[in-house]
Every structure is written in C-alpha cells, then in structure tokens.
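[1] Return atomic coordinates for the entry below.
(one chain, ligands or ions: 1)
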Amino acid sequence: MGRTFFVGGNWKCNGTIDEVKKIVSTLNSAEIPSKDVVEVVVSPPFVFLPLVKNELKPDYHVAAQNCWVKKGGAFTGEVSAEMLVNLGIPWVIIGHSERRLILGETNEFVGDKVAYALSQGLKVIACVGETLEQRESGSTMAVVAAQTKAIADKVSDWKNVVIAYEPVWAIGTGKVATPDQAQEVHFELRKWLQSNVSADVAASTRIIYGGSVNGGNCKELAAKPDVDGFLVGGASLKPEFIDIIKSAEVKKSA
Ligand SMILES: O=C(CO)COP(=O)(O)O
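    Predicted coordinates for the structure are as follows:
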C-alpha cells in the first residue's frame, strides 16, 4: 500500500500573533506538491490553533501539540481531545520527547492518550525515540520498541496513526541522524510492526523522522525507503520549511 509522504511542522512553544501570521502567509503563498504527493500538517501552540486553522489554505492541515488523556472535566490547564474535534482540528502530536522527558509522560500514559485521541476521531502523530545515553549503550531498538508497544497495546486501528521517530540527541541540536541511522531504525520499527501488529499495518503506517531536519539535509533523508516524511521543529518556523515539503518529490521519482 502506498504511503503518502508526510511533513509535519512542530512549532513547539514559539511565536507571537505577528510571527504566526507571517508563517501562515509564507505557507499560503508557496507552491507545494499536490495532495497525492505530500500531506502537510502544521502544529502551532494551542492558543494560535483557531487563527492558523482559519487563515491557512486547505492544502495544509493543523495539529495540536498535545491533548488530555481522557474526557475533559476538572483538569486545570489541560485541553481535551473533544475540544480539538469541536474546533475542527484533525491532528494531534502525542508523546513528544519534550513531554516525556520534561513533563514525565510515561510510555503507558502516552499509549492511553493515543488510544483516547483516536477514539474521539483525531489522527495522531505518535512520537518515539531514544536519548543519547540509550543509543550509546546499544538500547535504541529496545527503547523504541517499548514505546511503540505501549501504543500497540491500546490501539487496534492504525489507519490514523503516523509514527515519528525522533532521536532525542538530534532534536534542536543541529546534529541530525545520518540517512543510514534513520533508515536503520525506521526499518526495524516497521519490522516490529510486522511481527507484533500485522503485515498490513507495517506496510501502510507512515514512519517519519524528526531531529534537526532542514532544507539542506531533507532530500538525502527522504530518499531512504523507510523514511516516509518528517516532523520538523526549528526549520518549520522558517521559509526553508517549503523546501522540506518539496523533498517529497524525491519519493515520487524514486
Ligand atoms: O522535535 C522536533 C520535532 O517534533 C525536532 O525539532 P528540531 O527540528 O528543532 O530538531
């Protein structure tokens, strides 16, 4: 089954109204490949979601960066999946390493969140990835498999899931995984899905790479067979995000 290339822009906790409007206008005036070549989703902070959703042209979709683990209620400071659905936000990023490591989200909590968001009709970008220490001790695959298993334990329908492999040591560091390093983990992850979920899910689930992706390194990464797109942080706030979106063309000609 063909996997449409996927490019996500994770704006993290950045931006003012003026800056957000500028990014939106850059995106709106760009010529990007058609929908069958690339799916593009940008993820502004919660407070800017309505603005971005209303002003962005329909070639782009919008994602929240997080949501609450179950139905809303007395959970001060949280935003529920139902609210995102109510607002017409189709996507949510769940389990980003910044939330796992800084806010203490466990594998199980992330698995529960993914399952709940899917049950409400959201599509999920689920993040996994090892720290430098884990990589250096040779446990990359064990870590990534445990993170994926916690999701697989709670999820039966994978059609609305994109997996983002984001090695923590490559996030915001300018130290990008080499195309071979990314390919190796993506290949192993797909193999894990094949053995533990199903051959269909392994073949159809998009596995995207995140960690210091920029306009200069995206094409080489995109050329790898198991790299189905990117989750971009810093560079998604800049015009070079358009070049990253266009790297989808590499796949088309592959
Ligand atoms: O965390 C990331 C995307 O979710 C990657 O961030 P950078 O692209 O800034 O390294």
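
[2] going forward, measure contacts between C-alpha atoms and count neighbours the same way
    Fine.

[3] Give me every residue in the chain lying close to the ligand.
    Within the chain, the residues that sit near the ligand (CA under 6 Å from any ligand atom) are 10, 170-172, 210-213, 231-235.

[4] and residue 207, what element?
    strand 206-210 (DSSP states H and E).

[5] which residues sit against the helix or strand following that strand?
    For strand 206-210, the following helix or strand on the C-terminal side (DSSP H and E) is helix 218-222. By CA atoms under 8 Å, 6 or more residues apart in numbering, the residues outside helix 218-222 that reach it are 178-179, 182, 227-229, 244, 247-248, 250-251.

[6] just curious, which of those is nearest to residue 96?
    Comparing the contacts of helix 218-222 against residue 96 with CA to CA picks out residue 229 as the nearest, at 16.4 Å.

[7] roughly how far apart are that closest one and residue 24?
    For residue 229, the distance to residue 24 under the criterion CA to CA, to the nearest Å works out to 21 Å.

[8] Residue 189 now?
    Separation of residue 189 from residue 24 (CA to CA): 34 Å.

[9] what's the most distant pair in the residues of the chain next to the ligand?
    Checking the residues of the chain next to the ligand with CA to CA, the most distant pair is 10 and 170, at 14.7 Å.

[10] And the two? Which one has more around it.
    When residue 10 and residue 170 are compared for neighbours, residue 10 comes out ahead with 24 against 19, by other CA atoms under 10 Å.

[11] Quick check: beta-bridge partners of the more buried one?
    In this structure, residue 10 bridges to residue 43 when assessed by DSSP bridges.

[12] doesn't residue 238 make contact with it?
    No - distance between residue 10 and residue 238: 11.7 Å, which falls outside the contact criterion (CA atoms under 8 Å).

[13] Could you report the distance from the residue lying farthest from the centre of the chain to residue 80?
    Checked against the mean C-alpha position of the chain, the extreme residue using CA atoms, centre = their mean is residue 74, at a distance of 28.3 Å. For residue 74, the distance to residue 80 (CA to CA) stands at 11 Å.

[14] before we move on, what about residue 63?
    For residue 63, the distance to residue 80 (CA to CA) stands at 13 Å.

[15] Of the two, which one has the most company?
    When residue 63 is set against residue 80 and neighbours are counted by other CA under 10 Å, the residue ahead is residue 63, at 27 against 20.

[16] Am I right that the more buried one falls within a helix?
    No - for residue 63, which was evaluated using DSSP: H, G, I helix; E, B strand; the rest coil, the result is strand, with no helix membership.

[17] Which strand residues bridge it?
    Taking DSSP bridges, one obtains residue 91 as the residues bridged to residue 63.
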